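J.: the following comprises the amino acid sequence and a computationally predicted model.
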Amino acid sequence: MREEIVDAALAQFHEKGFNAAAVKDITDRAGVPKGSFYNHFPSKEALAIVALERYGEQRRLTDLADPGVPPVERIRKHFEFLRDDVLDHDITRGCLLGNFGTEIVDHSDPIRTAVHEGLEYWSGLLAGAIAEGQKAGEIREDLPADPAARYLLSAWEGTLIQARADKSQAAFEVFFALTFDSLLKT
């Protein structure tokens, strides 16, 4: 029952946002009684933190550390996977970390911490791939890996906002062209 609640919450939070996803909506979607929610979670905020963890697991972030794939290819495939997921949902949802980062972090320290930790983890894996690409001569060496990773995440989150606002994949085209044809190119 706990897993059903987490899955339903993740879907509700991603589709509606934290504030618009009521506990009743989540339990209805999970097909469980509302009272059972509190047997598993002390609050909607606690559930949101678990949903963020689940979301991160579904983003295939560890693919960024796969030594069997060249670093630039890893990074490209990672962002292509994320782009394709957005397109598969008709450009109606962004990144849950970014969504919560704009909606709720100013009002919830635990969620702010979870978003921060999620972005740090993602950035660290991305920085590792960039550093490997630099050692392999695939990525320009004058670009510090950690700031470059943080910049790419910020650019990606902005790309998602632009794509959703325009209901167009044009922002993705710009992101990929600038990232792989200019920024990371040797």
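T.: Done, it's in.

J.: buried residues, the lowest-mean-pLDDT helix or strand in the chain. List them.
T.: Least confident element among the helices and strands of the chain, by mean pLDDT, DSSP states H and E: helix 34-40 (a mean of 90). Residues of helix 34-40 classed as buried: 37, 40 (neighbour count, 16 or more other CB atoms under 10 Å). To be clear about C-beta, it is placed using only N, CA and C from the backbone, and glycine gets the same treatment.

J.: which elements pack onto the very next helix or strand once past that helix?
T.: Downstream of helix 34-40, the next assigned helix or strand under DSSP states H and E is helix 44-58. Judged by 3 or more CB pairs under 8 Å, 6 or more residues apart in numbering; DSSP states H and E, the packing partners of helix 44-58 are helix 2-16, helix 23-30, helix 96-103, helix 109-135.

J.: what are the buried residues along the third one?
T.: To tie it back to what came earlier, the one meant is helix 96-103. Here helix 96-103 shows 96-101, 103 as buried, counting by 16+ other CB under 10 Å.

J.: quick check: the farthest pair among those residues?
T.: For those, the maximum inter-member distance is 11.1 Å, found between Leu97 and Glu103 (CB to CB).

J.: now the spatially most central residue of the chain: how far from Asp146?
T.: In the chain, the residue lying closest to the centroid (CA atoms, centre = their mean) is Cys95, at 4.3 Å. For Cys95, the distance to Asp146 equals 20 Å [CB to CB, to the nearest Å].

J.: cool, Gly124 as well?
T.: 8 Å.

J.: please apply the same query to Met1.
T.: To Asp146, Met1 is 41 Å away according to CB to CB.

J.: cool, and Ser36?
T.: From Ser36 to Asp146 the distance is 43 Å (CB to CB).

J.: can you check Gly101 too?
T.: For Gly101, the distance to Asp146 (CB to CB) stands at 19 Å.

J.: then Leu64?
T.: For Leu64, the distance to Asp146 - CB to CB - is 14 Å.

J.: which one's more surrounded, these two?
T.: Between Leu64 and Asp146, Leu64 has the larger neighbour count (other CB atoms under 10 Å), namely 23 against 14.

J.: leaving out chain neighbours, which residue sits closest to the more buried one?
T.: Leu125 (4.1 Å; CB to CB, 6 or more residues apart in numbering).

J.: report the contact partners of the one you found.
T.: Counting by CB atoms under 8 Å, 6 or more residues apart in numbering, Leu125 touches 61-62, 64-65.
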